[in-house]
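Chemist: Quick one: sequence plus predicted model below, questions after.
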Amino acid sequence: LLREPKYGHLRDLHRALRLSKKALLWGTPTVQRISGDLEIRTYEKPGTDICAAFLNNNHTKIPATINFRGQEYYLPGKSISILPDCKTVVFNTQTIVAQHSARSFHPSKKARKLKWEMFGESIPSMNELPVQSKVPLELYSLTKDTSDYAWYGTSINLDREDLPRRSDILPVIQIANLGHAMLAFVNGDYIGFGHGSNIEKSFVFVKPINLKTGVNHITLLGMTVGLPNSGAYMEKRFAGPRAVTIQGLNAGTIDVTVNNWGHEVGVKGEKLQLYTEEGLSKVQWAPTKGEGPPLTWYKTYFNTPEGNSPVALRMTTMGKGMAWVNGKSIGRYWVNYLSPLGQPSQSEYHIPRPFLKKGKNLLVVFEETGGNPDGIEVLTVNRDTICSFITEYHPPNVKSWKKKEGRFQTVVDDVKSGAHLTCSDGKVIKSVEFASFGNPDGICGNYIQGNCSSPNSRKIAEKVIQYCLGKSSCSIPLEREIFDDKSHDQCPDVSKTLAVQVRCGRSKSS
């Protein structure tokens with residue numbers, strides 16, 4: 001699915017640069033500074049008509065008008081206008097002529113009512129971990145890219161006198177970790193999850209814990225998640241637990257960093273390849289009962305979704321982990337890592353259509369922090385809602401011009417700004433969902449009327465229907481006379497915007 005308007009805007013930029021290529025390659029560059037924020041860059045070959053100009057407004061908010069070779073040009077804030085012939089604006093970086101689109105998710109009708117089964121990873125103790133060391137080993141060097149996971153384990157023997165005498169006081173474990181993420185267990189019980197970020201991958205994990213008289217097992221599962229994923233000296237970046245202490249004991253703080261540690265790369269389900277048909281039979285699966293514990297494998301089968309639209313998984317009821325379809329990984333998910341807005345950066349995850357088979361498909365999920373698989377949905381995805389948001393300051397579509405035999409010329413008889421809409425995948429425009437002329441606002445899929453919109457909204461919608469309904473593509477000129485006469489213009493001095501939102505669909509004949 002093309003992500004509009006990003007794809008279309010970059011496509012138009014490339015076309016504008018191609019129209020300017022001779023001037024960019026052969027012309028002599030000059031820079032004329034008009035003010036602190038305004039400048040003109042020209043590329044011109046003396047003695048010829050080869051010339052291209054780039055008009056820059058570097059102010060982040062305030063628009064400006066610039067005079068270039070006797071003509072006035074309007075420049076929105078923080079924008080560049082491209083003039084392939086040093087006369088005609090064919091592209092502006094801020095005024096997006098390309099259509100917009102809104103992505104829509106729909107639960108698949110064929111892949112519903114998933115029946116899940118589960119298998120839980122066992123938590124190993126130090127004696128069950130084969131690689132021994134005095135201190136916790138560095139995580140990158142330990143895993144060597146064979147797995148995202150590595151177990152760390154140690155044990156400590158406590159007498160009754162070592163433990164707090166009051167039942168309302170618990171010892172506290174503190175783990176200084178270089179990243180990227182970690183699960184912690186004491187005596188097989190889950191105590192918490194900690195992680196860094198792309199800005200600061202290291203973190204300090206602090207949690208109260210229940211300890212008992214005798215041998216206590218401390219087990220950590222270190223994880224790499226690609227933080228950071230670029231930059232210099234990657235071979236000198238380190239990860240994993242570096243210092244582990246237990247505070248609040250009668251004996252004081254105990255440093256167990258040098259207490260002898262066991263290590264093992266990977267988790268059991270990885271080694272058994274539980275995400276494949278062959279690996280499923282190697283363990284005993286049980287029915288799920290709502291939300292499950294950390295480090296749990298889930299499996300189900302789903303029918304191939306209808307149609308040819310892209311397919312995705314909605315994972316909003318899960319936490320963090322990995323997923324496979326028919327034995328092929330579709331990547332990590334991390335839904336419980338929230339942005340400052342309180343939302344995950346991603347909750348839908350793409351399943352490539354080539355991964356799917358006719359009939360039943362195996363879906364396996366490895367959940368690290370705990371989640372409810374009953375809420376996982378198989379979705380089909382489309383961008384059938386397309387929009388155009390054009391102001392009177394927008395240049396016409398860059399496709400209105402071409403270079404032929406070195407001459408810059410128009411492709412159409414009457415070059416005008418306007419809304420341009422095109423359905424994809426052989427679909428046609430089935431309905432008009434929003435049409436406004438004036439000062440509408442919002443984004444594609446969620447437009448609203450402004451306070452200076454044309455009162456003749458019915459006429460505007462009828463015009464859009466006339467130009468677009470039943471067609472695979474259409475263009476609507478941006479002309480005040482089409483939508484309103486001067487006597488009905490409530491805000492004649494306000495620059496007008498045309499916002500159109502339509503929905504594409506299959507025609508009855510197809």
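Modeler: Thanks, I have it.
Chemist: Just give me the longest strand of this protein.
Modeler: strand 377-391 (DSSP state E).
Chemist: can you pull the buried residues of that one?
Modeler: By 16 or more other Cβ atoms under 10 Å, the buried positions in strand 377-391 come out as 377-390. In short, each C-beta sits where N, CA and C put it, glycine included.
Chemist: What ranges does the stretch 101-250 of the chain have for its helices?
Modeler: When secondary structure is read from DSSP state H, counting those that start in this stretch, the stretch 101-250 of the chain shows helices at 139-143.
Chemist: about what we covered before: got the buried residues of strand 377-391 as JSON lines, with distance to K282 and pLDDT columns?
Modeler: What follows is the buried residues of strand 377-391, written out as JSON lines (distance: Cβ to Cβ, whole Å; pLDDT from 0 to 100):
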{"residue": "E377", "distance to K282": "28", "pLDDT": "97"}
{"residue": "V378", "distance to K282": "26", "pLDDT": "98"}
{"residue": "L379", "distance to K282": "31", "pLDDT": "97"}
{"residue": "T380", "distance to K282": "33", "pLDDT": "96"}
{"residue": "V381", "distance to K282": "34", "pLDDT": "94"}
{"residue": "N382", "distance to K282": "39", "pLDDT": "92"}
{"residue": "R383", "distance to K282": "42", "pLDDT": "90"}
{"residue": "D384", "distance to K282": "44", "pLDDT": "93"}
{"residue": "T385", "distance to K282": "46", "pLDDT": "95"}
{"residue": "I386", "distance to K282": "49", "pLDDT": "95"}
{"residue": "C387", "distance to K282": "51", "pLDDT": "96"}
{"residue": "S388", "distance to K282": "55", "pLDDT": "95"}
{"residue": "F389", "distance to K282": "55", "pLDDT": "95"}
{"residue": "I390", "distance to K282": "60", "pLDDT": "94"}
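Chemist: can I get those in CSV with distance to K496?
Modeler: Formatted as CSV, the entries for the buried residues of strand 377-391 read as follows, by distance: Cβ to Cβ, whole Å:
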residue, distance to K496
E377, 42
V378, 44
L379, 38
T380, 37
V381, 34
N382, 31
R383, 27
D384, 27
T385, 23
I386, 21
C387, 17
S388, 14
F389, 12
I390, 9
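Chemist: Show me what counts as buried in the helix or strand that comes right after the longest strand of the chain.
Modeler: Where DSSP states H and E defines the elements, the next helix or strand beyond strand 377-391 is strand 401-404. Of the residues in strand 401-404, those buried under the neighbour-count criterion (16+ other Cβ under 10 Å) are W401.
Chemist: For strand 401-404, C-alpha coordinates in PDB please.
Modeler: C-alpha atoms of strand 401-404 as PDB (Å, rounded to 0.1, in the frame of the first residue of the first chain):
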ATOM      1  CA  TRP A 401       4.600  20.400 -17.500                       C
ATOM      2  CA  LYS A 402       7.200  18.500 -19.500                       C
ATOM      3  CA  LYS A 403      10.500  19.100 -21.200                       C
ATOM      4  CA  LYS A 404      10.500  18.400 -24.900                       C
END
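Chemist: next one: that strand to chain centre, how far?
Modeler: Strand 401-404 sits 37 Å away from the centroid of its parent chain (Cα atoms, centre = their mean, to the nearest Å).
Chemist: hang on, the earlier thing: quickly run through the sheet partners of the longest strand of the chain, with directions.
Modeler: strand 100-107 (antiparallel), strand 311-314 (antiparallel), strand 497-505 (antiparallel) (DSSP bridges).
Chemist: Determine the three-state secondary structure at K459.
Modeler: For K459, the secondary structure call by DSSP: H, G, I helix; E, B strand; the rest coil comes out as helix.
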